[in-house]
Structures are given as C-alpha cells and as structure tokens.
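Sequence first, then the predicted structure:
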Amino acid sequence: MTQQAAFEYLRHGQAPFFRLPLVDVAAPAAARYRGADVVLLGVPTDAGTTYQPGARLAPWALRRVSALVQSYHATSGVDVFATLTCRDGGNVAFPPFDRAAMREAVAGEVGAILGAGAAPLVVGGDHAVALPVLRALRAVHGPLAVVHVDAHLDTSGPDTWGDAWHHGTPMRHAITEGLVAPGQLYHVGIRGSWASPDDATLTLDAGNHIYFIDEVVGRGVPRLGAELRERIAGRPTYLSFDVDAIDPAHAPGTGTPVAGGLSAREALALVRALGGLRLVGADLCEVAPALDHADITAHLGAAILFETLAAMALGRIHA
C-alpha cells in the first residue's frame, strides 16, 4: 500500500501526510515503524520561538494540504511512494511548554524510527526540534553533514535572549556537541542583520560554510547544488529547512520573516539538487499557519516535504 485512493481518503475523514498509511501508535516502539523506509513525524511545539508563535499548528496544516500531492515526481522520473515505503508516524506528545521534555521525547521517537531502519522526516514546530533529531541521528550514523537552509545561522548563545535552548540555538549545540562532522555544516540562504561580526565566528572557526543569499542567487541553485554534492559526497546527511529561508512574499506564514529570501522555485530546486545524497533524515520547521494567507506557505511546505522524499528516493536508487 502506498498512498490511499482519493475516495478512501475522503471517506474516513482523517488527514495523514500525503494520504499515507498511519502507524499504529499504540504498538510497542520496536514494532511501530517496522517495514518503513521513511516516517513523517509531527512535532507540535513553538515554545522556543522568540518572535511570533504558531508553528505548533504546522503538522495539522501540512497534513491537510499534502493530500493534494500525488506520488510521481515528474522532474526526476521517480514514483516516490512506490520507491519508498513511507508512513505517517503521528505527532510526538509532550507538555507543550516543556522544552526539555520535547527534546527527550523527540530524541526517543526518532531513535525508535532509526532502530526500525527508517529515516525520519520531521515536521515542526519551531527550529529547536532539529537538535534532538540530530542527537538521535548522530548516535546511529556518527557525525553528519548538515545542509541548513535558513535566513539565520541559528548559532546564538544565551547572551541573546538569556536562554540557551530557543529556536535560534540548534546549530550552536550541533557544533559544540560534535553532531556535525568537521567542516560539514552548510548554511544556505543567510541574510539580515547580525548583532556583531562575531555572530559567524563559532561556525566559521569549525570550518563550516556560509552561503549568503546574494551568493545563492548570483551563482544559481544548480551550481550551488553541484558544489554541495561534491563536498558532501557519500556522508550521512541531514537537511534542516527553516521556511523563513524563503522570501516572505512566497512564504508569509512564518514567525520570523526576513525580506529578500529564496523564491519558491529556488527553494524547491535547492532541495531537488540534493537528490542522490545519502539523506538519513530531514526536517521542515517554522511554518505558522495562523500567519499564512490562503495556505500559500502550507502548500509550499508540502512541496518541500515531497521534494525531500524524492531526494531520499533518488539516494536509494543511486546507492
């Protein structure tokens, strides 16, 4: 079974990601994800936001609009849901304002997915969810290559807001905890103002790479994608996609919009350019449905998720 037929989907009234089968969330963790290649997992939290909240509602919004997406990826010629056995893993449950509980619950659930031999595709929620996913992946795959698509570096420390765990901190922890392989963090789409030139010191001193938005647009996504594929090669790779990497004209539904970002077309092409890499996991974060207009951001988010699945399918084909 791949996608549910349209009539079946309408009849039962539920809304899983991409009309996919749901896992039995009541089953023991060891059996819950058995047989899956990829599990889509919602993490409804925005307790780590520093501006406008609302991302906790993204998993429900993205499930609803993803029902319109069909299985065949015409650009690559891959039938995604025939190539990969994909399942909707439901949402991770935790007290909504307890960020430590969120990190523990997400790491545990992603660990169960990995233990079943599947890859997690995590739908936030704010970007703080990336850290526990990376921790779980590092425990299985070792230090990772990370493609971090974002308007922000997310390497803030507690000096910024008096808090070390908000949504602007996951890449700082990923670097300092050794979750990222040396020189294998690629920040793509960075723009906007910084507190000081030192904002980039941590990641640059670790040998990582920053692609400012002007460079991405000037060089073009195909050339950038080719460079990323060459630099990453066969390493286990994690894609972390904050929707505020996209210009708010194309993605208004996010809590920390920054003008001048990627277009919708560039965002999709960037994910598509990662096809063939060894993607062992990914996330899409910071979609805030209450701030959206006519589901523009939600539809784009669903398309990004589908492009990510297509890239994972290509990785399997080329393995």
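Done, it's in.

Now for the residue most central in space within the chain: which residues touch it?
With distances taken as CA atoms, centre = their mean, the residue of the chain nearest its centroid is D283 (1.6 Å). The contact partners of D283, by CB atoms under 8 Å, 6 or more residues apart in numbering, come to 121-124, 129-130, 133, 239-241. All C-beta atoms are positioned from the backbone trio N, CA, C, and that covers glycine.

With distance to W60, secondary structure and neighbour count added, can I get these in TSV?
Output for the contacts of D283, formatted as TSV (distance: CB to CB, whole Å; DSSP: H, G, I helix; E, B strand; the rest coil; neighbours: other CB atoms under 10 Å):
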residue	distance to W60	secondary structure	neighbour count
L121	16	strand	24
V122	15	strand	27
V123	10	strand	30
G124	12	strand	32
V129	16	helix	32
A130	20	helix	33
V133	20	helix	30
L239	22	strand	26
S240	21	strand	28
F241	19	strand	29
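
Look at the nearest residue to V39 once chain neighbours are set aside and say how many residues are nearby.
Residue nearest to V39 in three dimensions, not counting chain neighbours: G89, with 4.2 Å by CB to CB, 6 or more residues apart in numbering. Around G89 there are 28 other residues, counting by other CB atoms under 10 Å.

Just the element for G89, please.
Applying DSSP states H and E as the criterion places G89 in strand 86-91.

What's the biggest helix in the protein, counting residues?
With DSSP state H setting the assignment, residue counts place helix 296-318 as the longest helix in the chain.

Would you mind listing the buried residues in that one?
By neighbour count with 16 or more other CB atoms under 10 Å, helix 296-318 contains the buried residues 297-316.

Extract the CA atoms of that helix and return them as CSV.
This file holds the C-alpha atoms of helix 296-318, laid out as CSV (Å, rounded to 0.1, in the frame of the first residue of the first chain):
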residue,chain,number,x,y,z
ILE,A,296,0.5,29.7,0.4
THR,A,297,3.1,28.7,2.9
ALA,A,298,1.4,25.4,3.8
HIS,A,299,1.3,24.4,0.1
LEU,A,300,4.9,25.3,-0.4
GLY,A,301,5.8,23.4,2.8
ALA,A,302,4.1,20.3,1.5
ALA,A,303,6.0,20.7,-1.8
ILE,A,304,9.3,20.9,0.1
LEU,A,305,8.5,17.8,2.0
PHE,A,306,7.7,16.0,-1.3
GLU,A,307,10.9,17.2,-2.9
THR,A,308,12.8,15.9,0.2
LEU,A,309,11.1,12.5,-0.2
ALA,A,310,12.0,12.5,-3.9
ALA,A,311,15.6,13.3,-3.0
MET,A,312,15.6,10.4,-0.5
ALA,A,313,14.2,8.1,-3.2
LEU,A,314,16.9,9.1,-5.6
GLY,A,315,19.5,8.4,-2.9
ARG,A,316,18.1,4.9,-2.5
ILE,A,317,18.2,4.3,-6.3
HIS,A,318,21.8,5.6,-6.6
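
quick one: the helices in the stretch 151-300 of the chain?
Ranges of helices in the stretch 151-300 of the chain, per DSSP state H, counting those that start in this stretch, are 158-161, 170-176, 201-205, 213-219, 221-232, 264-272, 296-318.

Just the residues contacting the first one, thanks.
Around helix 158-161, the neighbours that count as contacts under CB under 8 Å, 6+ apart are 50, 164, 168, 195.

And the residues you listed, which two are furthest apart?
A164 and A195 (16.0 Å; CB to CB).

higher neighbour count, those two?
A164 (13 against 9).

who touches the more buried one in this structure?
The neighbours of A164, taking CB under 8 Å, 6+ apart as the test, are 157-158.
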